[in-house]
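Chemist: let's see this in three dimensions:
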Amino acid sequence: MSNETLFTEFVYIVGFEFYSSLETSQNEVVNERREKLEQLSSQSENYQKQIEELQQNLSEQVHERTSLSERLNEVEVDLQKAIDDHASLKTKYQTLIEERNALEEQQALQSAER
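Modeler: Numbering: from 1, shown residues only. This next block holds a predicted model:
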């Protein structure tokens, strides 16, 4: 075998090893990227689920707050009605007492006249 043939075979072997090494490195890079992409995709799905849960919780809290606010308004209306009724009854009671006192005074005068 001549030196040229040996050199050609050497170049061929080195080239083949280099190509094999390059292909192996490329496959490793592709696999790493695929794994990273799968991890990111999984994280993204988890974040999306968390966002949906938080949105659901927020929606429930807003609904509960609205319901409580409506109930509070109803209670305030009922309380104001009770206060108004109480004031009206107090006025009627005071009027009745004044009428009773006037009648008693009138009876006392009539009794004194007799």
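
Chemist: burial count for Ser20?
Modeler: Residues near Ser20, counting by other Cβ atoms under 10 Å, number 10. (C-beta placed from N, C-alpha, C; glycine too.)

Chemist: the most centrally placed residue in the chain: which element?
Modeler: Closest to where the C-alpha atoms of the chain average out (Cα atoms, centre = their mean) is Leu58, at 1.6 Å. For Leu58, the element it lies in under DSSP states H and E is helix 3-113.

Chemist: just how off-centre is that helix within its chain?
Modeler: 1 Å (Cα atoms, centre = their mean, to the nearest Å).

Chemist: what average pLDDT does it get?
Modeler: Across helix 3-113, the average pLDDT comes to 92.

Chemist: tell me how far Ser59 lies from Arg65.
Modeler: Ser59 is 11 Å from Arg65, where distance means Cβ to Cβ, to the nearest Å.

Chemist: make that Glu17, sorry
Modeler: 71 Å.

Chemist: now do Gly15
Modeler: Relative to Arg65, and taking Cβ to Cβ, Gly15 is found at 73 Å.

Chemist: cool, Gln110 as well?
Modeler: Per Cβ to Cβ, Gln110 is found 67 Å from Arg65.

Chemist: repeat for His86
Modeler: The value you get for His86 to Arg65, if Cβ to Cβ is used, is 31 Å.

Chemist: ok, Leu37 next?
Modeler: For Leu37, the distance to Arg65 equals 41 Å [Cβ to Cβ].

Chemist: neighbours around Arg33, how many?
Modeler: If you count neighbours by other Cβ under 10 Å, Arg33 ends up with 10.

Chemist: what's the answer for the one 4 residues further on, then?
Modeler: If you count neighbours by other Cβ under 10 Å, Leu37 ends up with 10.

Chemist: thank you, goodbye.
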